[in-house]
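Trainee: Below are the sequence and a predicted model for it; my questions follow.
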Amino acid sequence: MAAPLTLLLLVAVTVRAALYRSSLADLISERVEVVSPLTAWKRVVEGLALLDLGVSPYSGDVFHETPLIIYLFHFLVDYAEITFMLADVITAVALYLSVKDYNKQVFRKQKYALEADRYPLDCLELIRSPKEMQYIPLKVAMFYLLNPFTILSCVAKSTCGLNNAVIALFVLSTIKGNSRTHSSPAEGNSIYPLTLCAAALLYLLQRQYIPVNLRRFSFWWFVAQYAFMYLGSLFVIVGLSFFLLGSWDFLPSVYGFILSVPDLTPNIGLFWYFFAEMFEHFRLFFLCVFQINVFFYTVPLSIKLKEHPVFLIFMQLAVISIFKSYPTVGDIALYMAFLPVWSHLHRFLRNIFLVSCVLLACSALFPVLWHLWIYAGSANSNFYYAITLLFNVAQILLVSDYFYAFLRREHHLSHGLYLKRKDGSEATLVLK
Amino acid sequence: MGLLSDPNRRRALISLLTRLNAPICVVCYMAGVAWFMGLAFEPFTLRTYMSENAMGSTMVEERFPAGERALGTGREFSAHKKKAGGMPVDWLVKTMQSRGLEVFTQRFSRRLPFPDEDKERYMVKGTNVYGILRAPRAPRTEALVLSAPCSPGDDNNQAVGVLLGLAQYFRNQVFWAKDIIFLVNEHDLIGMQAWLEGYHHTNTTGMDWSPLQGRGGSIQAALSLELSSDVVTSLDLVLEGLNGQLPNLDLANLFYAFCQKIGVLCTTQGKLQRNDWDSVSGYSHAVQTMMLMVMKQASGRPWGDHGLFLRYHIEAATIKGINSFRQYKTDATTIGRLLEGMYRKLNNLLERLHQSYFFYLMPSLSHFVSIGYYMPAFGLLALILLLRALDLWIQLATPPPRTEDGVADAEQMSSPGVLSVLTPLVISHLTGVALYTLPIHFQEIAVEHFPVSETEAVVLTAIAVYTAGLALPHNTHRLLTGRGTENGWKVLKLVAVLYLAVLLGCTALINFSLGFILALTLVPVAAFVTPDVPKALSAFIMVILSPACTLLFSVFLFQELQEMPVSFLDGWMLYLSVISQGILDHALYGSLVYPLVALLVYPCWLLFWNILFWK
């Protein structure tokens, strides 16, 4: 499998290198869909200039990335293009390895269940064969590297690519299950990936065969261990940032900026239009409502999916990329890379055609409506926001469709594929 | 959400949509066309009204007295123009200075990619002259523009005369709150392009021009005047700008309001409005007017010197004087008063014109159709594509029940799927790129080897590439994958149909008319074509409905609507010149119609052509 992966990496790097050299690169790096105030390369360069002048990069409200990023580019600014390509490659390889590992586990689990005769007889067509699973890791890497969203994000030098790499490494280290200390760099970068730690904890518990039982001591002991490691490494990251920078400037400027959403530049998210329209005295309330959206779904999802932490990670990544305050297409690319892993759910998906049509149309309409609004002056912000809204509704439908399909497959695996009503007629599952 | 989650209702709906797919599509098409034709019916349209408060209630009095003197200046200008053999720069500078303006000139030069045979120009050199009347009443942050072209021959001398007369008169008024720029531009749009680029410090088309020495504030509105006779019977308002962009409807309202007030006959598309909307002839008159607007908008070219202002967010229109055989004439004093009134109202503006509509069609000058009313006509056509896509998706998702062997076949069939879809996509787009780049690059070679002029060479190369594209793609997938598979063409058609839907949707948002005309011809092709229909007949229909033939029909229809029908041979010559003008518009002003058709619409049509010859 190494040869196809290498070929894929080569193709991906070639495409990116060619785009860096073309005149499109400047155009792409200005697109609001691709870069946000948080991730724009222009702002990183500005921060570097301030740093070189001996001023705090956070003075002037331009730069909002973490100190680690700016010190990384302090050394690598001349090799920025290579760094971003490398980040994409790392993400792809990490996803490849983790999905490979995860598939092995799934297959092992399925074998045990089959041997124990736990599946109903008519579910044989739901059983996954090694043949169909063989190419999934490669497809995952392909979905990430050749996704136009990732390519755009990389060509725009959006630091989102680096964050994706960190999250992918976090997923890899979780799935390998051997290094818990890896788990916090993801949190160093922004606040939202905090919600992933619930999924990671569930996964590690499962791996250690510790049941999720609130009355058991071993469960709490493991949670405490995990929390200690987690908070400890978070502390190390924050402390490192402080010692690098020599001040606490970055806390309000990075985390405050993410949470209080002062920059209302249009993007593909839901925040900007809403908060631009709002009266100032409602702002705090709705800020809380909007931000809670990202964190709130962790609880019900963790309860429902406690047996399936990797699917939970996918769901969480999707929820983050939909509801975060400055989303870009790079975030979407990360969770879309997981879609091939769930290819066995296709027979249960209901709206995939509708959703993919809407996502496709919206992606094409973003630049068109932006042109009409900003350059031609004939449309206005409502047009652009309408498409943003539609885009996000489509994403939500996509994710909930996968969620439904996953649960339904699990239901069939325990109750049989062809459900009967009590009177013997064929039954259908209805989601209400 | 019942529809998205309840499987029984979904199944019922989907089976309804697949069973009745063809009839629903036919009904949608007819409904779309009927809706569009209904737009011209007066009870379905809205009366225009002034939305902008600053221009509405304030009364202004027009007192411009010096029409005769302006015509005298125009004659003087004409004499100097003849003597100088072009723009009489020195005379204009002196005259404007004597009227108390700050006068500047701008030189520009431009070599066209190939000779323009309509206007007989290749190496263009010229000078723009403009004078700024500084606002006495306010900080000079905003400006208005009045322009008149310096045309070759005897055209538009009166326009320059009226412009200079107005300049003199405006200079003596104290109420101007915005700078007023009086511009005489040479070589119509090329000069205008140079001036606008100089004014805004941009250079999008690689033209050489000398930088402007003086500027006013940011331009809020602009009018361009075309006047070639001492008296006129009516004034015509031209709105269509580059890429089908239209100025804010309030500008048209303003013109209409003043024509009513002063009592000047006014037209749009050269058509007077009639009051008998309930008669057949009245309705067909409205349809003609609207269709003319749709055709002009779809062409994407600027139909007057105002057309390039729109790109810079400046509301602009051209006012054309028309002298026909009617009895009732309007003299230059009245035209001057009309312009004075319009400028005084524009002078009252507190913010940019934004209150009224930007997306509209006008069946007459007093009625309009807004985007909410005309979009459903396009939506109904686009719906056909979505229904066909849904039908194909369901066919692909639920294959007919097969035996064990059949299942094995199906798996083999799905594996070359990606390649057999990707190949036609790539090849048809490469053909599109060839159509876009080859005509201009190959003109020299073509001129060497064939007895044609450069312009003919460009047009004929374009037609040749277009025709060659028909032969190319449908042979390629056989080389790669052997015989085309049953699922292969369905997947390809699904991709093509969705592609076309997105493409037309985006086009219709930017330029409704272009999107609608393309949809009218391409949607039936996309809906009916399969490899199983009779080859020869379908191929004939497809060629008839291809983008190039659409253009040919549009040329004839346009002439018919203008009541200047042409013979087939003249029509063909006109067609060739339209193609060369389209390519020139793209090279000179950045019009998007030619690249859109060459790079996207034509490849998309080739995909359907490919499907027809799949087996």
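Mentor: Structure received. Values in this document were obtained by computation on a predicted structure and should not be read as measured data.
Trainee: I'd like the average pLDDT over whichever strand or helix holds A:Gln110.
Mentor: A:Gln110 belongs to helix A:80-115 when assigned by DSSP states H and E. For helix A:80-115, mean pLDDT is 91.
Trainee: what do you get for stretch B:248-258?
Mentor: pLDDT averaged over stretch B:248-258 gives 92.
Trainee: what do you get for stretch A:174-191?
Mentor: Taken as a whole, stretch A:174-191 has a mean pLDDT of 64.
Trainee: Which residues are in contact with A:Tyr375?
Mentor: Neighbour list for A:Tyr375: B:Arg311, B:His313 [criterion: C-beta atoms under 8 Å, 6 or more residues apart in numbering or on different chains]. Backbone N, C-alpha and C define where each C-beta goes, glycine included.
Trainee: residues from chain B in reach of chain A?
Mentor: Within reach of chain A by C-beta under 8 Å from any C-beta of the partner chain, chain B has these residues: B:4-8, B:10, B:245-246, B:310-311, B:313, B:354, B:358-359, B:386, B:389-390, B:393, B:498, B:501-502, B:505-506, B:509-510.
Trainee: Sitting in helices, which of the residues you listed do you find?
Mentor: Among these, the members falling in helices are B:4-5, B:7-8, B:10, B:386, B:389-390, B:393, B:498, B:501-502, B:505-506, B:509-510 (criterion: DSSP state H).
Trainee: Tell me where the stretch 151-300 of chain A has helices.
Mentor: All helices of the stretch 151-300 of chain A, identified by DSSP state H, counting those that start in this stretch, fall at A:160-176, A:185-189, A:196-207, A:217-245, A:250, A:257-260, A:271-277, A:283-296, A:298-304.
Trainee: same deal with the stretch 251-400 of chain B?
Mentor: B:280-299, B:332-347, B:371-397.
Trainee: Figure out how far the second one is from the centre of its chain.
Mentor: Right, helix B:332-347. Remark: helix B:332-347 is offset 28 Å from the chain centroid, using C-alpha atoms, centre = their mean, to the nearest Å.
Trainee: same thing with the last one?
Mentor: Averaged C-alpha coordinates place helix B:371-397 at 25 Å from its chain's average position (C-alpha atoms, centre = their mean).
Trainee: helices and strands around it, which ones?
Mentor: helix A:352-370, helix B:7-19, helix B:21-38, helix B:486-510, helix B:512-528 (3 or more C-beta pairs under 8 Å, 6 or more residues apart in numbering or on different chains; DSSP states H and E).
Trainee: Could you dump the ones you listed into JSON lines and include mean pLDDT?
Mentor: Below are the helices and strands packed on helix B:371-397 laid out as JSON lines (pLDDT from 0 to 100):
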{"stretch": "helix A:352-370", "mean pLDDT": "92"}
{"stretch": "helix B:7-19", "mean pLDDT": "82"}
{"stretch": "helix B:21-38", "mean pLDDT": "93"}
{"stretch": "helix B:486-510", "mean pLDDT": "90"}
{"stretch": "helix B:512-528", "mean pLDDT": "93"}
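Trainee: who wins for proximity to B:Leu419 among the ones you listed?
Mentor: Judged by C-beta to C-beta, the one of these that comes nearest to B:Leu419 is helix B:486-510, at 9.4 Å.
Trainee: who touches the residue of chain A found nearest chain B in this structure?
Mentor: Closest approach between chain A and chain B, counting by C-beta to the nearest C-beta: A:Ser378, at 3.5 Å. With contact set as C-beta under 8 Å, 6+ apart, A:Ser378 has these partners: A:Leu372, B:Gln245, B:Leu246, B:Phe358, B:Phe359.
Trainee: distance of it from B:Gly379?
Mentor: In this view, A:Ser378 and B:Gly379 are 19 Å apart by C-beta to C-beta, to the nearest Å.
Trainee: now the chain, which segments are flagged as low pLDDT?
Mentor: Going with chain A. Scanning chain A for pLDDT under 70 picks out A:1, A:178-189, A:420-432.
Trainee: please go with chain B instead
Mentor: Applying pLDDT under 70 to chain B flags the ranges B:1-5, B:57-58, B:399-417, B:473-485.
Trainee: In it, which strand is the longest?
Mentor: Longest strand of chain B, by residue count under DSSP state E: strand B:102-116.
Trainee: ok, it: who's next to it in the sheet?
Mentor: Strand pairing for strand B:102-116, using DSSP bridges, gives strand B:121-133 (antiparallel), strand B:208-209 (antiparallel).
Trainee: Give the buried residues for it.
Mentor: For strand B:102-116, a neighbour-count test (16 or more other C-beta atoms under 10 Å in any protein chain shown) marks B:Glu102, B:Val103, B:Phe104, B:Thr105, B:Gln106, B:Phe108, B:Arg110, B:Leu112, B:Pro113, B:Phe114, B:Pro115, B:Asp116 as buried.
Trainee: same thing with stretch B:247-260?
Mentor: Neighbour-count burial for stretch B:247-260 flags B:247-259 (criterion: 16+ other C-beta under 10 Å).
Trainee: Name the residue of chain B that lies nearest to chain A.
Mentor: Across chain B, the shortest distance to chain A (C-beta to the nearest C-beta) belongs to B:Phe358, at 3.5 Å.
Trainee: ok, for that residue, nearest residue in space, not its chain neighbours?
Mentor: The shortest distance from B:Phe358 to any non-neighbouring residue, by C-beta to C-beta, 6 or more residues apart in numbering or on different chains, is to A:Ser378 (3.5 Å).
Trainee: hang on, that neighbour in a strand?
Mentor: No: with DSSP: H, G, I helix; E, B strand; the rest coil as the criterion, A:Ser378 is located in coil rather than a strand.
Trainee: Quick check: it vs B:Lys296, distance?
Mentor: 17 Å.
Trainee: Can you get me a residue count around the nearest residue to A:Pro211 once chain neighbours are set aside?
Mentor: In space, and not counting its chain neighbours, A:Pro211 is closest to A:Phe219: 7.0 Å by C-beta to C-beta, 6+ apart. By other C-beta atoms under 10 Å in any protein chain shown, the residues close to A:Phe219 number 15.
Trainee: Out of the contacts of A:Ser378, name the two that are farthest from one another.
Mentor: Among the contacts of A:Ser378, A:Leu372 and B:Leu246 lie farthest apart (C-beta to C-beta), at 12.1 Å.
Trainee: higher neighbour count, the two?
Mentor: Per other C-beta under 10 Å, whichever of A:Leu372 and B:Leu246 has more neighbours is B:Leu246, with 25 against 21.
Trainee: and the gap between that one and A:Lys306?
Mentor: Using C-beta to C-beta, we find B:Leu246 at a distance of 58 Å from A:Lys306.
Trainee: cool, B:Trp209 as well?
Mentor: According to C-beta to C-beta, B:Trp209 stands 70 Å off from A:Lys306.
Trainee: if you count what's nearby, which of those two comes out ahead?
Mentor: B:Trp209 (20 against 16).
Trainee: Surely that one is in contact with B:Gln106?
Mentor: Yes: counting by C-beta atoms under 8 Å, B:Trp209 touches B:Gln106, with 6.1 Å between them.
Trainee: quick one on the thing from earlier: any chance of the helices and strands packed on helix B:371-397 in CSV, with distance to B:Arg215 and mean neighbour count too?
Mentor: Listed next are the helices and strands packed on helix B:371-397 as CSV, based on distance: least, C-beta to C-beta, whole Å; neighbours: other C-beta atoms under 10 Å in any protein chain shown:
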stretch, distance to B:Arg215, mean neighbour count
helix A:352-370, 29, 19
helix B:7-19, 60, 12
helix B:21-38, 44, 16
helix B:486-510, 30, 22
helix B:512-528, 35, 23
